[in-house]
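Undergrad: Here is the input, now give the coordinates:
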Amino acid sequence: MRSIWKGSIGFGLVNIPVKLFSGVQNRNLDFDMLDERDHEKIRFMRVNEKTHKEVPFEKIVKGYFLKDRYVILDKHDFEEAAPEKTKIIELENFVDITDINPVYY
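TA: Here you go, the predicted model:
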């Protein structure tokens, strides 16, 4: 299995090299291009499936179908979801050993 991230854990003057592996199966999100006015799917030719009229590119939004409706995402949503790019995990606090159930170690 390939690591999904390589870096180090740092606290004080100590840096420990680490590799991060995924703990879950990959799940690809499948976004659809939608008309921002009524959230109808856009075909490859950017045509509204409901009205059969071409939709200008600037009127197309991205949406994820969840249950019975679309959740519309914009550029800001994707920027917020992106993690800060760094190669160091900074440890800010430690927990007392009595706060962790022994079943976890």
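Undergrad: Pull the contacting residues for Arg46.
TA: Arg46 makes contact with Met33, Glu54, Val55, Pro56, Phe57, Ile60, according to CB atoms under 8 Å, 6 or more residues apart in numbering. C-betas here are computed from N, CA, C, even on glycine.
Undergrad: and which of those residues is nearest Glu40?
TA: Val55 (8.8 Å; CB to CB).
Undergrad: how many neighbours does the closest one have?
TA: Counted by other CB atoms under 10 Å, the residues lying close to Val55 total 20.
Undergrad: Among the contacts of Arg46, which one is most surrounded by other residues?
TA: Val55 (20 neighbours).
Undergrad: quick one: that residue and Glu49 touch, right?
TA: No. At 10.1 Å, Val55 does not count as touching Glu49 under the criterion of CB atoms under 8 Å.
Undergrad: shared neighbours, the two?
TA: Here Val55 and Glu49 share the contacting residues Ile42, scored by CB under 8 Å, 6+ apart.
Undergrad: Quick check on the residue nearest the centre of the chain: phi, psi?
TA: In the chain, the residue lying closest to the centroid (CA atoms, centre = their mean) is Ala81, at 5.1 Å. Taking degrees, to the nearest 10, you get phi -80, psi -20 for the backbone angles of Ala81.
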